[in-house]
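Visitor: Okay, predicted coordinates and the sequence, questions at the end:
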Protein chains: 2
Amino acid sequence: MPLLIHDARVLSMPIGREPARGAAMRELGAIDRGWVLVGDDGLVHAVGAGTPPSAPIRIDAGGRVLMPALIDAHTHACWSGDRWSEWARKRAGEPYLSILNSGGGIMSSVRSVRGSTREDLARTTALRLQRMARLGTGTCEVKSGYGLSTEAELRMLDAIDDAAAACVAQIGTVATCLAGHAIDPGCPDFIARTLRETLPAIAAARPGTTMDLYIEQGAWMGDDAVRFVATSLALGCPVRAHVDQFTRSGLLADLIGMGVRSVDHLEASSASDLATVAHSGAFAVALPATGFALDMRFMDARRLLDEGGTLVIASNANPGSAPGLGLPFAMQLAARFMGLTTAEILRATITNAAHLLGVAAHVGSIEPGRRADLMLLHDTNEDALVHGLPSGAPGLVLHAGRAVNPDEPGFEATP
Amino acid sequence: MPLLIHDARVLSMPIGREPARGAAMRELGAIDRGWVLVGDDGLVHAVGAGTPPSAPIRIDAGGRVLMPALIDAHTHACWSGDRWSEWARKRAGEPYLSILNSGGGIMSSVRSVRGSTREDLARTTALRLQRMARLGTGTCEVKSGYGLSTEAELRMLDAIDDAAAACVAQIGTVATCLAGHAIDPGCPDFIARTLRETLPAIAAARPGTTMDLYIEQGAWMGDDAVRFVATSLALGCPVRAHVDQFTRSGLLADLIGMGVRSVDHLEASSASDLATVAHSGAFAVALPATGFALDMRFMDARRLLDEGGTLVIASNANPGSAPGLGLPFAMQLAARFMGLTTAEILRATITNAAHLLGVAAHVGSIEPGRRADLMLLHDTNEDALVHGLPSGAPGLVLHAGRAVNPDEPGFEATP
């Protein structure tokens, strides 16, 4: 039955054909005493201010904020096993290389994923997606990357599809192939094999899949990284790249010149690197949860925005450097440590994330015809979402008009 | 019907007559492949390892951690209005005094509470308590302190009682009278009136209520603070004190000599201050969420523990300096910034918090006869709770044996 949410502060966040940058980052299309009518088809049918139409099911927002659900454009939410014991060692001062050399780190997740069935991977991934949905994420990107072999990468991508299907009523999912996550030390010709065999096999099995790689010392570097990008593009696959997390690569201009879709991390980028990114068509994806977990270094997103860049903020959910599921926490870190305003953070985590994931025609705003992926916050001021500390679900979360967490206290529908 | 949770890593966390300190902070009484039987009366009936007894309702923990619910020993969860817009100003660099002078800060909450009915206060407080329960808090202290007049303080305490009654199926509540929160600039003889009228009136209306005060420049200072403590004790009321948050008071030894039950904050305390606290019978309550929100200063809890002190970690939930509801986040900050281990953090937030609140005879451990306030984590390693990033509910939360968040994904009971 149609659902009306009324007496809300509606952040309609109009979304255009282009990502938000410049002045568009500071505007949320707020409608006080607004209402939104959601149809049986799970789409937004109408948005207005003042006296609302009648509807069989109504939620009185009581002035609380109604906004589009969040969009998490960078996660590694498909993994198995866990690496909790490594954190105690890290906090006690053990260097990452020592943990890696004793069988920990990313290769620990790779071993675990390689030993997992598609069904096991799908089950644990679905559980994470469900938990993310309850925290307000309406659409979530999920990368492979703990398989590293052709077979295991394809198994991960299949598992992500299975998890997406299992959670389709709660969250939308977009898969990315992170075939270039690490260098497998057990495979002497790993780089050549990836370029010659893995990328073509994945492009054949899943045409147009977005490819991703991690450019860092000890991972993909220099000419190898450039070859990964060129090979992927030649196969008709868009490319995203983890760049400049710990070490300035010096590759940003080359990557952008080749047409990579996003450059993610950028904690170690120089001011002129950030200007290069800002003046390009590439998305810059900030991952502040990793800065919090590791070393309190963050992308200088303030500079990127002031240069007119296209910012996205994402959770980077993964077992190694951001062991959490909450996109709201990344937003809170952006407010706390990156000098961004509420509007900028919302535009980065909703509007621009939707564009990066290619879902901007369907979600990311409250406008007629769009899927009703919504959050009705506990609070009457959207500042609560970014200046508040982690408090569980930010409110009632709706996916295609249906409550993901109908038991959240404080929200009653009246028939 | 009796409930059995089996195949769990049970952290029984045995609790004695005295708080945990020294070696007791490092021991959690873990039972692998353990089980817990909860009776119809909501109490733990039996705990064991290996083959469990039969029971009409069973939850297969699948190796996940089953532990006592958290106990939040320092919150200001009874307030009305909000101060979100102040955070944007703070982050933009506006000094707190400027915000205070323009009508913001604590007096903003005081005005709002004074203008609220008991019913309104109870309703908003109950909603917060319900949300805290879903994040794992089984027992929660709530302070008054935004009333400051006798009448408004009593109204807050009544509202806390009402909220507690409304949430009794989800969370236990302990009220504290923070009559010494701030100095009301609109009341010229505020200090004298508080000592002469407010404290006696509250002690008469609610004998034995724990009193609390905020010792800081611009709030209660020096001899006035000492008189507040002495007056409260003479009225038969235990005393807790916020001390050394921004400014070293030099009063710690005096307060401890008088027998205050806890000293909370201690970010600005010296090493010898912390030794004085550690060697006393007072609880030291760390509030790291405030350090995160304000200035990244934290109590040197590592030193306190190494000196043998009695540590508690609490959320300090309040609209001004820790605008969140999650005790898990405070625990994560303790792991991230205070150099504490998982066991120390769990003992501080459960065992010692139970002792501080005077509920250690009923909750705080998984032992026969205790109320079944439990958390079944999503993870098989308790490190997840402190080294993970905020991810919503840490698992299935049970209060007196009944699920507070039965819809949390990943937990199915089999009849």
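Guide: Cool, the structure landed. Every value quoted in this text rests on a predicted model; they were computed, and no experiment measured them. Residues are numbered from 1 along each chain as shown, chains lettered A, B, ... in the order given.

Visitor: For whichever strand or helix holds A:Val312, which helices and strands make contact with it?
Guide: Using DSSP states H and E, A:Val312 falls within strand A:310-313. Helices and strands touching strand A:310-313, by 3 or more C-beta pairs under 8 Å, 6 or more residues apart in numbering or on different chains; DSSP states H and E, are strand A:283-286, helix A:301-306, helix A:327-337, helix A:352-357. Where you see a C-beta, it was placed from the backbone N, CA and C, and this is true even at glycine.

Visitor: okay if I get those as TSV plus mean pLDDT and mean neighbour count?
Guide: Shown next, in TSV, are those (pLDDT from 0 to 100; neighbours: other C-beta atoms under 10 Å in any protein chain shown):
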stretch	mean pLDDT	mean neighbour count
strand A:283-286	98	28
helix A:301-306	98	20
helix A:327-337	98	25
helix A:352-357	98	27
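
Visitor: coming back round to it: who touches the strand holding A:Val312?
Guide: A:19-21, A:25, A:73-74, A:262, A:278, A:281-288, A:301, A:304-305, A:327, A:330-331, A:334, A:344-345, A:347-349, A:352-353, A:355-356 (C-beta atoms under 8 Å, 6 or more residues apart in numbering or on different chains).

Visitor: Show me where the stretch 51-200 of chain A has its helices.
Guide: A:84-91, A:96-101, A:106-114, A:118-134, A:150-166, A:190-193, A:199-205 (DSSP state H, counting those that start in this stretch).

Visitor: measure the residue lying closest to A:Lys143 once chain neighbours are set aside to A:Gly147 for me?
Guide: Leaving aside its sequence neighbours, A:Lys143 sits nearest to A:Leu178 (C-beta to C-beta, 6 or more residues apart in numbering or on different chains; 4.1 Å). Distance, A:Leu178 to A:Gly147, by C-beta to C-beta, to the nearest Å: 9 Å.

Visitor: do A:Asp7 as well
Guide: 49 Å.

Visitor: just A:Pro2 next, same as before
Guide: Distance of A:Pro2 to A:Gly147, computed by C-beta to C-beta: 44 Å.

Visitor: ok, these two, which is more surrounded?
Guide: A:Gly147 (27 against 17; other C-beta atoms under 10 Å in any protein chain shown).

Visitor: Quick check: phi and psi on that one?
Guide: phi -100, psi -50 (degrees, to the nearest 10).

Visitor: Was I right to think it contacts A:Ser109?
Guide: No: A:Gly147 lies out of contact with A:Ser109 (C-beta atoms under 8 Å); the separation is 10.0 Å.

Visitor: so where's chain A uncertain?
Guide: Scanning chain A with the threshold set as pLDDT under 70 gives no residue ranges.

Visitor: Domain-wise, how is it divided?
Guide: A:3-68+A:364-414, A:71-357 (automatic domain parsing).

Visitor: right, so these: which one is the most enclosed?
Guide: domain A:71-357 (a mean of 21; mean count of other C-beta atoms under 10 Å in any protein chain shown).

Visitor: How far does that one sit from its chain's centre?
Guide: Relative to the centre of its chain, domain A:71-357 is centred 9 Å away, using C-alpha atoms, centre = their mean, to the nearest Å.

Visitor: And that domain, end to end?
Guide: 9 Å (C-alpha to C-alpha, to the nearest Å).
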